[in-house]
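Asker: Structural data only, the sequence is not supplied:
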């Protein structure tokens, strides 16, 4: 509710721009978004470029060790760093993905599908970037139900009213 251009609604608001579509980059926006929603924050997530893939009905997310020098995996009672050069070898992405998915399952961490469903149930506003859909020749019918199509201006409308704006 506004009066004289002043928002009288005390609800906190947050927007998240989601630009990455790998398994490891999918967790932060969904965890932060669902956590904020559980704390009565009004959340808008804007999925653009490779982040748009996180809205596809059928997910096949991977972890890419290439270009990720901070990637360490728990092994043999310690943490083993993965040299960046190894990431370009055939089969390493598949192996790293399998290891990560196994760790996620073993530790009882929610899947991206479960977090995405939690976002939907928490009334998180999810906007698919129309320009990215067009650019990558994707169709809304390939995406989950309940999303909205929009562009940068759609996100800006929310961002300008938000207390927190995150880019991931």
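Answerer: Cool, the structure landed. What you see is a predicted model, and the numbers here were worked out from it, not measured in a lab.

Asker: Run through the helices of this protein in chain order.
Answerer: In the chain, the segments counted as helices under DSSP state H are 23-38, 92-106, 112-121, 130-135, 152-159.

Asker: What is the longest one packed up against?
Answerer: To tie it back to what came earlier, the one meant is helix 23-38. If you count contacts as 3 or more CB pairs under 8 Å, 6 or more residues apart in numbering; DSSP states H and E, helix 23-38 packs onto strand 13-18, strand 42-47, helix 92-106, helix 112-121, strand 164-167. No exception for glycine: its C-beta is placed from N, CA and C like everyone else's.

Asker: Equivalent analysis for the third one, please.
Answerer: The helices and strands touching helix 112-121, judged by 3+ CB pairs under 8 Å, 6+ apart, are helix 23-38.

Asker: quick one: the helix it packs on to strand 42-47, angle?
Answerer: The directions of helix 23-38 and strand 42-47 differ by 160 degrees, with axes from the mean of the first three to the mean of the last three CA atoms, to 10 degrees as the criterion.

Asker: Work out the gap between helix 23-38 and the centre of the chain.
Answerer: In this view, helix 23-38 has its centroid 6 Å away from the chain centroid, taken as CA atoms, centre = their mean, to the nearest Å.

Asker: got it, and stretch 151-165?
Answerer: Relative to the chain's own centre, stretch 151-165 is displaced by 17 Å; criterion: CA atoms, centre = their mean.
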